[in-house]
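> Fold the following, please.
(2 chains)
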There are 2 protein chains.
Amino acid sequence: MDKPEKPSHDQIRRFKDYRWDETDILAYKEEGSAPFRAITRQTLFRDPALRAELRYFEVSPGGYSTLERHEHMHAVLILRGRGEVLIGGEVRKIDTNDLVSIAPWTWHQFRANADAPLGFLCMVNVERDKPVQPSEEERKALEANPKVAEFLKND
Amino acid sequence: MDKPEKPSHDQIRRFKDYRWDETDILAYKEEGSAPFRAITRQTLFRDPALRAELRYFEVSPGGYSTLERHEHMHAVLILRGRGEVLIGGEVRKIDTNDLVSIAPWTWHQFRANADAPLGFLCMVNVERDKPVQPSEEERKALEANPKVAEFLKND
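Got it, this is the predicted structure:
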C-alpha cells in the first residue's frame, strides 16, 4: 500500500497560455459528428484512481459547443473569458470563475462572445452516457422562446 | 427521464473575490483535529449525480494544509496565487493554473508563499478514506532531506 505505481505523467504539469505540459490539445469531437465551431479539448485529469475526470474546453471568439443533452451531469467552472450558456429554456451570461451546473437531461450549449474566448473546466463521471442532439421538433420547441432562437441562430 | 429534480442551488453561481454565491466558506478541518494554518474550504460541486466532488481551498499568506496521506488521489488545479507543495520526498514550486497530481499514499502538504495567497481546486472521489498523519518516525524520515526539513520547519 505504501508504494504507488509510478504516475503516467509528472506530478506537476505547468501552465502556459492555456496549455498544460504533457497534455494534448484534442479536437472537441470527431469532425462532422455533430454541429460545433472553434472548440478544443484538453483532458487535465483522467486516472484509474478517480471516478470522475476533469477536462478543459476552449471556445474561440464566435465559437460554440454542440447543442445536446444526456443523462450525466456537468459541473463547470469558467476558467477564462466570458460568453453565454443555454441551459434548458434559458440563455444566461457567464463570466470568469462562475460555476455552472447542468442537470441530467437538460439541453445545453456554450458560446463564446464575439470578442473573447471562453475556456471552461468540466467535471464528469468517467462512466457516462453519450449525448443526444435535438430532433427537429425538440429544436422548434426550444426556439419558441425568441431569446433561445436568437442564441441558436448561427448554428 | 426528461424531468430532472430541481437542483438544490441555481444553475449558475457567480464568483466574486474568490467566493461563490450560495456556497459556504467552511473551516478547513475541525480546529485542533490536525496541524494546519490559515486555510478555508468551499465545496463547489457535490451532487448525488457525481462520483467526485470539487472543492476550493484557500491558504492565506504563510498558511499551510495538514501534512498527511491517504489511499484516495487528489487532482489539483491552482486557481490563485502561488506557493510550494511537498509531494513524497520533494518540495516543488506551484503557480496559478498549474496541475498537481497526488498519487495514493503519498505524503503531501500545500503552503502559500509569505507574500501571496494560494487558492486551489481539488477533485476527489465522493467515497474516500480518511487522511492519516505521519508518526514521529515517518516525519523524521521525511526531514532527513534538508529541503523537506526547511519546508516543514514552521509546523
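
> Going by C-alpha atoms from here, please, whenever you check contacts or count neighbours.
Fine.

> for the helix or strand bottoming out on mean pLDDT in chain A, the distance to its chain's centre please.
When each helix and strand of chain A is scored by mean pLDDT, DSSP states H and E, strand A:26-27 comes last, with a mean of 89. Chain-centre distance of strand A:26-27: 12 Å, with C-alpha atoms, centre = their mean, to the nearest Å.

> Sheet-wise, list the partners of it with their directions.
strand A:37-45 (antiparallel) (DSSP bridges).

> Show me what whichever helix or strand comes after the strand it pairs with is packed against.
Following strand A:37-45 in sequence order, the next helix or strand is strand A:52-64 (DSSP states H and E). Helices and strands touching strand A:52-64, by 3 or more C-alpha pairs under 8 Å, 6 or more residues apart in numbering or on different chains; DSSP states H and E, are strand A:37-45, strand A:108-112, strand A:118-125.

> quick check: mean pLDDT across strand A:52-64?
The pLDDT scores in strand A:52-64 average 97.

> Could you point out the helix or strand that follows it?
strand A:74-81.

> export the helices and strands packed on strand A:52-64 to CSV and tack on mean pLDDT and mean neighbour count?
As requested, the helices and strands packed on strand A:52-64 are exported to CSV (pLDDT from 0 to 100; neighbours: other C-alpha atoms under 10 Å in any protein chain shown):
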stretch, mean pLDDT, mean neighbour count
strand A:37-45, 95, 20
strand A:108-112, 97, 23
strand A:118-125, 98, 23
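
> Mind checking these for the one nearest to A:His70?
strand A:108-112 (9.7 Å; C-alpha to C-alpha).

> backbone phi and psi for the nearest residue to A:Glu143 once chain neighbours are set aside, please?
Spatial nearest neighbour of A:Glu143, excluding adjacent residues (C-alpha to C-alpha, 6 or more residues apart in numbering or on different chains): A:Ala149 at 4.4 Å. The phi and psi torsions at A:Ala149 (degrees, to the nearest 10) take the values phi -60, psi -40.

> these two touch, right, A:Ala149 and A:Leu142?
Yes - with contact defined as C-alpha atoms under 8 Å, A:Ala149 counts as touching A:Leu142 (7.4 Å).

> partners of the closest residue to A:Leu50 other than its chain neighbours in the sheet?
Spatial nearest neighbour of A:Leu50, chain neighbours left out: B:Asn125 (6.1 Å); criterion: C-alpha to C-alpha, 6+ apart. Under DSSP bridges, the beta-bridge partners of B:Asn125 are B:Ala52.

> Contacts only, for B:Asn125.
Going by C-alpha atoms under 8 Å, 6 or more residues apart in numbering or on different chains, B:Asn125 touches A:Leu50, A:Arg51, A:Ala52, B:Arg51, B:Ala52, B:Glu53, B:His72, B:Met73.

> Output the set of residues of chain A in proximity to chain B.
A:1-4, A:7, A:10-15, A:20, A:44-45, A:49-52, A:72-73, A:75, A:96-106, A:124-125 (C-alpha under 8 Å from any C-alpha of the partner chain).

> Go ahead and build a PyMOL selection from the buried members of those residues.
Selection of the buried residues among the residues of chain A next to chain B in PyMOL, burial being defined by 16 or more other C-alpha atoms under 10 Å in any protein chain shown:
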select buried, chain A and resi 11+12+13+14+15+20+44+45+50+51+52+72+73+75+96+97+98+99+100+101+102+103+104+105+106+124+125
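
> Now A:Asn97. Nearest residue, chain neighbours left out?
A:Ile78 (4.7 Å).

> Against B:Trp107, how distant is that neighbour?
Counting by C-alpha to C-alpha, to the nearest Å, the gap from A:Ile78 to B:Trp107 is 31 Å.

> Equivalent analysis for A:Thr43, please.
Taken as C-alpha to C-alpha, the span from A:Thr43 to B:Trp107 is 25 Å.

> cool, and A:Arg19?
28 Å.

> These two - which one has more neighbours?
Between A:Arg19 and B:Trp107, counted using other C-alpha atoms under 10 Å in any protein chain shown, B:Trp107 has the larger neighbour count: 24 against 17.

> what's near enough to touch the more buried one?
B:Leu67, B:Glu68, B:Arg69, B:Leu86, B:Ile87, B:Gly88, B:Gly89.

> what's around the closest residue to the last one other than its chain neighbours, how many residues?
So the one you mean is B:Gly89. Excluding its sequence neighbours, the residue lying closest to B:Gly89 (C-alpha to C-alpha, 6+ apart) is B:Leu142, at 6.3 Å. Around B:Leu142 there are 19 other residues, counting by other C-alpha under 10 Å.

> tell me the pLDDT at B:Leu142?
97.

> Assumed it was part of a helix.
Yes - B:Leu142: assigned to a helix according to DSSP: H, G, I helix; E, B strand; the rest coil.

> how far away is it from chain A?
14 Å (C-alpha to the nearest C-alpha, to the nearest Å).

> For stretch A:132-150, C-alpha coordinates in PDB please.
Extracted in PDB, the C-alpha atoms of stretch A:132-150 (Å, rounded to 0.1, in the frame of the first residue of the first chain):
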ATOM      1  CA  VAL A 132     -28.000  13.200 -28.000                       C
ATOM      2  CA  GLN A 133     -29.000  16.100 -30.200                       C
ATOM      3  CA  PRO A 134     -32.400  17.500 -30.500                       C
ATOM      4  CA  SER A 135     -34.900  16.300 -33.100                       C
ATOM      5  CA  GLU A 136     -36.400  19.000 -35.400                       C
ATOM      6  CA  GLU A 137     -39.400  19.100 -33.200                       C
ATOM      7  CA  GLU A 138     -37.400  19.500 -30.000                       C
ATOM      8  CA  ARG A 139     -35.400  22.200 -31.600                       C
ATOM      9  CA  LYS A 140     -38.500  24.100 -32.700                       C
ATOM     10  CA  ALA A 141     -39.800  23.800 -29.100                       C
ATOM     11  CA  LEU A 142     -36.600  25.400 -27.800                       C
ATOM     12  CA  GLU A 143     -36.800  28.100 -30.500                       C
ATOM     13  CA  ALA A 144     -40.300  29.100 -29.400                       C
ATOM     14  CA  ASN A 145     -38.500  31.300 -26.900                       C
ATOM     15  CA  PRO A 146     -37.200  34.300 -29.000                       C
ATOM     16  CA  LYS A 147     -34.100  34.600 -26.800                       C
ATOM     17  CA  VAL A 148     -33.200  31.000 -27.400                       C
ATOM     18  CA  ALA A 149     -33.900  31.400 -31.200                       C
ATOM     19  CA  GLU A 150     -31.600  34.400 -31.200                       C
END
